[in-house]
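Enquirer: Okay, structure incoming, though there's no sequence with it:
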């Protein structure tokens, strides 16, 4: 393992790594991100390895398991270079054909290529898909291209050049200035100017002559958001490099990466990356011979959403329960172990190396007036192309949902998009032309948040969505302060009653009063923003609330107490499949004759609807 | 009064050895014990408190605060049904209910034969493939009530 | 020293003080349940909220943790504050309906009923944490703590069993604002509920009243390394005998 004693050694090593990776080299990139793993990509790896070995291609072809490539809906994804053939939904039995046709003979395998569901057009290369060619990847620049467990790949792509530049040709003050000028704002949802935060931390540390800490917040808890997961798994070195640059600027020598327990792959990749960086002399004592020392410890969360809040995260790092505290004295002044601490989100750290390398002006030229650069979004729910998307700030919701992500799946109608997780809100069709940045979504009653974007269609009940987020928050509330612990509980029971058709007059007023109390009197951001999903759905979907409360009806056909399942006698051919599937034996019928559901026994679990291949089960 | 076996006590000592006797190591220590023993034994927590110099009440506080930990043994197979937003919209609640019906247990409960534990988790990060269920370390995408029944069968037969 | 205003009144304070402390010093009332001078502020009950204007920005903050600063303008009873406090008080009453002291306190805020349902009609605990803070920070014993989180949060002993060690100092009962912690003294046994703590008490050799935990006496005599016959007496009998022998010169 080469220990890079100075910048020259780094550059020499980089040149060698690049020489081994010419543009026309044959490379197979198999996506090993959590999404593709869930689709089975792990089983493909040994099959590829065996097939390449059998064909004597071991040393000739670079087989890489990469981090999240982005188009999770179509995983497992395989990209064959240099042609950049983009293969989707690859199965083990497809592997020999890929190797023989594409790797050896250089020809595409038609049936594995992406086909546009709207036009039927077959796309050859990744950059032919609107999902990819409309993105601008900065934080995700190396995702899907490098093997995250091979530091050589990262260095070949330009990794650690920014760190070398900062350590050898910039003062800490100059680094802070560059980040300030770039306009980079926190990507975890808060949007606080990053450079300003670094400066405050440095000043607090210098004033009191104290040790300072830097932290990476990898506790991505918003349900539906997995952007940070994609970066931690797919490009851990980007975070390490960013943190080291930040540490240099702030005057810190100890850093922590806090990863939520539910991301074991991210923990593994970050741990390997930290080890490798140390071995190469890019982390630890006397980095690249410059005299600057900085090291990182990785800590795992324990399954608590509230630990995404900075003071709760710090309490957790100290070995305590993740309870937030008042932030009237900021954490940059008194944070971890009451020392000046700079905490930033994963994506924020990942943006730092490109800013140092390409300059603040370059970064500030992307995005909008107040929101510079790009943002990664996880677009999930009822869209065609679910996955991770990185676009310049200011791109509209419509562009993201329809142009990039292919619009609503199954020809259904768009109803709402939920952004900002449990702190955010739901926006209706009339808001689709809003530019996505820190300001516009907040004005409309939601917020950009960390980047989770959940698309909903006509079958989504907006009252249930509000109830869902309240249930989430009552489970995750730390319970310290009265308004959150008690107030959320009561809001949840009101919403639950409404979804069961037991809404009472006065319920909506009580919801508003509790919302106001939470916003003003709760201790931390979890509590103060907890009412947003309820408030935004009340604002834009009041008619659904009315239907539930006054008509005992769920227009979307989702709320179990308010719907009935029935079998359409004209569509039912009596195949008897639903009979076997029904857990309460509520279905009766003779073979080849239309079947019937006994409403008294039906628990509305929906198994019959999934089982029926003829669409004969109707919901009202 | 619960007593742990000497094997369990030894396993805990081995874990403690890897950490400095400092309160900040508490969560990591508990995670390792949870991973190896499938739960946090009471007497084990006493030993942890002693080693790290943390009052037992504070160890108990941390052990009960984080859902990653369990004070009672978890089953051989832990079925985690993701209840993230995307999964919820696509019917995760039905999947969880199906598991409850099939195994006769509620959330955070374990079957009498200690084979299965059901947990509902708040987002596993595979949202594009909702609804998602993780059993042990295996991820399963696009789950529904029919598929989960078949999966449980498969694991039961192993 | 810093200078600021509370309800228009000019006040002076040190930077280490919080707004609630300063207000109390000046006789300005801000309601609070989870605050006590003897322990660290915790800001869990949220009753001490006030409007604080600093640097052109007005925020609702808890007075017990907001630091005294120059130029601060604090308002303790705006319509907004009164409205929020009312709801918080109602939430607390719903949580701990069995506490008479809580209802009395609520009445001083003008709250005499709650619209919210109660899950546990016998509960008196509002999870303010004063008991666990005094046990940990002052008694130095830490035999009780919070457990679980959110709606399942409770204040209890490890594994909800009798604590390994309880000093029997009863500070937890003393600081409890709702009467949720009960002291029961019978013969030579002191009981602290709901901790299921049973502490053996030494009994006065003169009058037979239990007066101090045996373990405490033992610790004191070991530390002091003196045999003091006065330590076998309850405070009342000690005074009587002291008066007889020392003051009045009788043996």
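Expert: Yes, it's here. From a predicted model like this one, the values you see are computed outputs, not experimental measurements.
Enquirer: C-alpha only now, for contacts and for neighbours.
Expert: Fine.
Enquirer: How about the residues of chain B by chain A?
Expert: B:23-28, B:31, B:58, B:61-62, B:65-69, B:84-86, B:89-90, B:94, B:122-130, B:138-141, B:144-146 (C-alpha under 8 Å from any C-alpha of the partner chain).
Enquirer: Grab the nearest non-local neighbour of residue A:259.
Expert: When the adjacent residues along the chain are set aside, residue A:259 lies closest to residue A:218, with 4.5 Å between them (C-alpha to C-alpha, 6 or more residues apart in numbering or on different chains).
Enquirer: Could you count how many residues lie near that neighbour?
Expert: 30 (other C-alpha atoms under 10 Å in any protein chain shown).
Enquirer: quick one, what contacts it?
Expert: For residue A:218, the contacting residues are A:228, A:229, A:257, A:258, A:259, A:260, A:308, A:345, A:346, by C-alpha atoms under 8 Å, 6 or more residues apart in numbering or on different chains.
Enquirer: before we move on, the earlier item: of the residues of chain B next to chain A, which ones also sit close to chain C?
Expert: B:58, B:61, B:62, B:65, B:66.
Enquirer: Just the buried subset of the residues you listed, written out for ChimeraX, thanks.
Expert: To isolate the buried members of those in ChimeraX, using 16 or more other C-alpha atoms under 10 Å in any protein chain shown:
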select /B:58,61,62,65,66
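Enquirer: with the ones next to chain C among the residues of chain B next to chain A in mind, which one is nearest to residue C:94?
Expert: residue B:65 (23.8 Å; C-alpha to C-alpha).
Enquirer: mind checking how far the closest one is from residue A:379?
Expert: 31 Å (C-alpha to C-alpha, to the nearest Å).
Enquirer: before we move on, back to that, quick one, which of the residues of chain B next to chain A are buried?
Expert: B:23-28, B:31, B:58, B:61-62, B:65-69, B:84-86, B:89-90, B:94, B:122-130, B:139-141, B:144-146.
Enquirer: can you give me the helices for chain B?
Expert: Ranges of helices in chain B, per DSSP state H, are B:6-17, B:26-37, B:42-52, B:56-65, B:85-89, B:92-103, B:145-157.
Enquirer: The stretch 1-150 of chain C: strands as residue ranges?
Expert: Assigned by DSSP state E, counting those that start in this stretch, the stretch 1-150 of chain C shows strands spanning C:2-6, C:9-13, C:49-54, C:57-62, C:73-75, C:145-147.
Enquirer: would JSON lines of those with distance to chain A, mean pLDDT and mean neighbour count be doable?
Expert: Compiled in JSON lines, the strands of the stretch 1-150 of chain C are given as follows (distance: least, C-alpha to the nearest C-alpha, whole Å; pLDDT from 0 to 100; neighbours: other C-alpha atoms under 10 Å in any protein chain shown):
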{"stretch": "strand C:2-6", "distance to chain A": "16", "mean pLDDT": "98", "mean neighbour count": "18"}
{"stretch": "strand C:9-13", "distance to chain A": "17", "mean pLDDT": "97", "mean neighbour count": "15"}
{"stretch": "strand C:49-54", "distance to chain A": "7", "mean pLDDT": "97", "mean neighbour count": "22"}
{"stretch": "strand C:57-62", "distance to chain A": "6", "mean pLDDT": "97", "mean neighbour count": "18"}
{"stretch": "strand C:73-75", "distance to chain A": "14", "mean pLDDT": "98", "mean neighbour count": "21"}
{"stretch": "strand C:145-147", "distance to chain A": "9", "mean pLDDT": "98", "mean neighbour count": "25"}
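Enquirer: wait, which of these is closest to residue A:582?
Expert: Proximity to residue A:582 (C-alpha to C-alpha) singles out strand C:145-147 among these, at 40.9 Å.
Enquirer: Name the residues that touch the helix or strand following that closest one?
Expert: Downstream of strand C:145-147, the first helix or strand assigned by DSSP states H and E is strand C:154-156. Strand C:154-156 is touched from outside by C:127, C:129, C:132, C:144, C:145, C:146, C:147, C:148, C:194, C:195, with contacts defined as C-alpha under 8 Å, 6+ apart.
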